[in-house]
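1. no sequence on this one, just coordinates:
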């Protein structure tokens, strides 16, 4: 009779983690997080969120890739630069699922909390587009790469996703405003998430960005103008419950995936060093936009430190790493990503509140 561990290994080997998270769970988790963002308040922080979610991602991606390239050489494990660039792309986005769960308990200033939450939501969508663009270059070769073509593709996916999400959210708001039945209103939001994500993906737009914007529109206009007090209460509790359930399932899946990761002591040591290097890249990717914005904006005390330490990595980085084919150093990058994610969630997640109080 097979042991429990062997049954677990068989079960995990049949789970397509990338498909489960990126195509199913991500839409629900992003929408649940976006519902708590007030567009009017976010508008006041639009420039920090915009620059951190775009320029910050690019800076972090390139810094991590360069440091990873030379670190692999130090350990006599030469990895082509394009694959290091892929790793930089998958590890740079902060995970809104992990970040927003921690922020509820962190006790940091509301304006800074909004910066971190907004950035983590939007840099996830941008980060996925960056990763997929680099993946296309890695698969097709640099000969197929053109700056103009890549820029057009990026604008189409990111910009199209934002526009589609705004339209989707506003249409849903009009539907919700026209009725007063919390059961139907909950079903409308479920339709937005499931059908909206699938439609955006099918049109080759950024589905995560579309769902984020739709959630923000509904969270602002729907909760403020389109819902009765009873409907607002039911809708909030329904999505809070879904958020808790999917978060629990997500981290259960991450734990199960640990059973099938190939452990290599050299790669584990590289992963340990990469924790510090990824944090360094995160710090630089924060301080550059912040120094630029400080010319006409005020920032909270110790904002750079809190934004750096509060940028948690989570299931999205793991899913992107697991999506890599074996030929692109899949096992090595998955193990390194897990080490960084575990440190991020356990150490950074459990200490961000204390750091905020000390600051």
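-> On my side now, so go ahead. Keep in mind that what you see is a predicted model, and the values were worked out from it rather than measured.
2. pLDDT weak spots in this protein?
-> Across the chain, residues meeting the criterion (pLDDT under 70) sit at 1-5, 8-9, 12-13, 18, 97-107, 141-150, 223-224, 226, 359.
3. which residues of the stretch 151-300 of the chain fall in helices?
-> Using DSSP state H, counting those that start in this stretch, the helices assigned to the stretch 151-300 of the chain run over residues 182-202, 207-217, 229-257, 265-293.
4. specify the angle between the shortest one and helix 182-202 in degrees.
-> For helix 207-217 and helix 182-202, the angle between their directions (axes from the mean of the first three to the mean of the last three Cα atoms, to 10 degrees) works out to 150 degrees.
5. tell me the angle of helix 207-217 relative to helix 229-257?
-> 150 degrees.
6. re the thing from before, so can I have a markdown table of the helices of the stretch 151-300 of the chain showing distance to residue 126 and mean neighbour count?
-> For the C-beta atoms, the positions are set from N, CA and C on the backbone; glycine is no exception. Shown next, in a markdown table, are those (distance: least, Cβ to Cβ, whole Å; neighbours: other Cβ atoms under 10 Å):
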| stretch | distance to residue 126 | mean neighbour count |
| --- | --- | --- |
| helix 182-202 | 15 | 17 |
| helix 207-217 | 8 | 28 |
| helix 229-257 | 21 | 15 |
| helix 265-293 | 12 | 18 |
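7. with distance to residue 55 added, can I get those in JSON lines?
-> As requested, these are arranged in JSON lines below (distance: least, Cβ to Cβ, whole Å):
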{"stretch": "helix 182-202", "distance to residue 55": "24"}
{"stretch": "helix 207-217", "distance to residue 55": "17"}
{"stretch": "helix 229-257", "distance to residue 55": "29"}
{"stretch": "helix 265-293", "distance to residue 55": "5"}
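8. any idea which of those helices gets closest to residue 61?
-> Distance to residue 61, taken as Cβ to Cβ, is lowest for helix 265-293 among the helices of the stretch 151-300 of the chain, at 8.4 Å.
9. show me what the helix or strand following that closest one packs onto, helices and strands only.
-> Downstream of helix 265-293, the first helix or strand assigned by DSSP states H and E is helix 303-309. Secondary-structure packing of helix 303-309 (3 or more Cβ pairs under 8 Å, 6 or more residues apart in numbering; DSSP states H and E): helix 110-140, helix 265-293, helix 349-358.
10. now the first one, how far from the chain's geometric center?
-> Right, helix 110-140. 6 Å (Cα atoms, centre = their mean, to the nearest Å).
11. list the buried residues of it.
-> 112-135, 137-138 (16 or more other Cβ atoms under 10 Å).
12. distance to residue 188 added to the helices and strands packed on helix 303-309, as TSV?
-> Below are those laid out as TSV (distance: least, Cβ to Cβ, whole Å):
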stretch	distance to residue 188
helix 110-140	21
helix 265-293	37
helix 349-358	33
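13. closest one to residue 243 among these?
-> Nearest of these (Cβ to Cβ): helix 110-140, 13.4 Å.
14. could you check the angle the closest one makes with helix 207-217?
-> 160 degrees.
15. quick one: contacts for the residue nearest to residue 172 when sequence neighbours are not counted?
-> In this structure, residue 172 finds its nearest non-sequential neighbour in residue 192, 4.8 Å apart by Cβ to Cβ, 6 or more residues apart in numbering. Neighbouring residues of residue 192 by Cβ atoms under 8 Å, 6 or more residues apart in numbering: 31, 168-169, 172, 211, 214, 218.
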